[in-house]
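Participant: what follows is a predicted protein model with its sequence.
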Amino acid sequence: MRVVIAKDYEDMSARAARIVAGQIYLKPNSVLGLATGSTPLLMYKNLIMVHHQVGLDFSEVVSFNLDEYLGLQSSNEQSYTYYMYHNFFKHVNINKKNIHIPDGMTQNVELECQNYDNSILERGGTDLQILGIGTNGHIGFNEPDIKFEATTHKVKLDDETIHANSRFFNSIEAVPRFAISMGIKNIMHAKKIILLADGENKADVIYRALFEGITPKVPASILQLHQDVTVIVEERAAQMLKTRSQFENK
Ligand code: GLP
């Protein structure tokens, strides 16, 4: 595990975008695992800039988003489908048929999950997975006490997640209670992972995820077992990673 402390949100986002751009230059048909939330927003903006300025080509890129709320139409501004098109896809030349996001309006959740897992496998697995982290340690929507062996599945959102994500909705009641999320197993199968954390409200959980025991209570802690993880933490989120020696041995 590499832990990079970025000097601010801009630096964190630029570093992440460079890794993603490098991946696409080296392998134009890369399979990317994509995240939503506030954290990767500027990374997406940077990638859009690289696309416009130097022609980074997304035409062969394949994407799989981590998760989607159940019960929100894709036209709903709070759906992750809307987020991805609005903040990224419509600004680059990715081929629509290569975009995958779980269908939050599916009538058959189980089948949707199975199909999602199969599509990832058919595309040869994820080359590079981008992750944010919830204040409760979730990655995707894999909430505390998740089974590490889970693949794509229906999730009941944690109260802490509902509260945290209510900032995007008109009221806490409007936040969906369920979602579809890739499982920890899907995430751990990715060849490379980038975990991003920004803001002092992530400091405690980043410390627990990287330096305390591996436990389903902090789902992101499983990443300690992955062979190729780059954690890019902006300074405020890194404030509990006090000494260099703490992460040099990781
Ligand atoms: C959301 C998403 C996660 C995201 C996390 C952190 O609920 N499901 O994929 O990483 O919470 O979000 P933010 O980046 O807004 O702090």
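Facilitator: Structure received. Given the structure is predicted, the values throughout are model-derived calculations rather than measurements.

Participant: only C-alpha atoms for contact and neighbour calcs from this point on.
Facilitator: Noted.

Participant: who in the protein is up against the ligand?
Facilitator: The chain comes close to the ligand at residues Ala35, Thr36, Gly37, Ser38, Thr39, Leu131, Gly132, Ile133, Gly134, Ile139, Gly140, Phe141, as judged by C-alpha under 6 Å from any ligand atom.

Participant: at 8 Å what do you get?
Facilitator: 35-40, 66-68, 131-135, 138-141, 161, 164-165, 197-198, 202 (C-alpha under 8 Å from any ligand atom).

Participant: check for me that Val3 belongs to a strand.
Facilitator: Yes. Using DSSP: H, G, I helix; E, B strand; the rest coil, the assignment for Val3 is a strand.

Participant: what is the helix ranked longest in the chain packed up against?
Facilitator: In the chain, taking DSSP state H as the definition, the longest helix is helix 9-26. With contacts taken as 3 or more C-alpha pairs under 8 Å, 6 or more residues apart in numbering; DSSP states H and E, helix 9-26 sits against helix 41-54, strand 192-197, strand 229-234.

Participant: what's next to the first one, contact-wise?
Facilitator: Helix 41-54 has contacts (C-alpha atoms under 8 Å, 6 or more residues apart in numbering) with 10, 13-14, 16-17, 20-21, 56-57, 87-88, 91-92.

Participant: tilt between that helix and helix 9-26?
Facilitator: 50 degrees (axes from the mean of the first three to the mean of the last three C-alpha atoms, to 10 degrees).

Participant: which parts of helix 41-54 are buried?
Facilitator: Leu41, Leu42, Met43, Tyr44, Lys45, Asn46, Leu47, Ile48, Met49, Val50, His51 (16 or more other C-alpha atoms under 10 Å).

Participant: beyond it, next helix or strand please.
Facilitator: Downstream of helix 41-54, the next assigned helix or strand under DSSP states H and E is strand 62-65.
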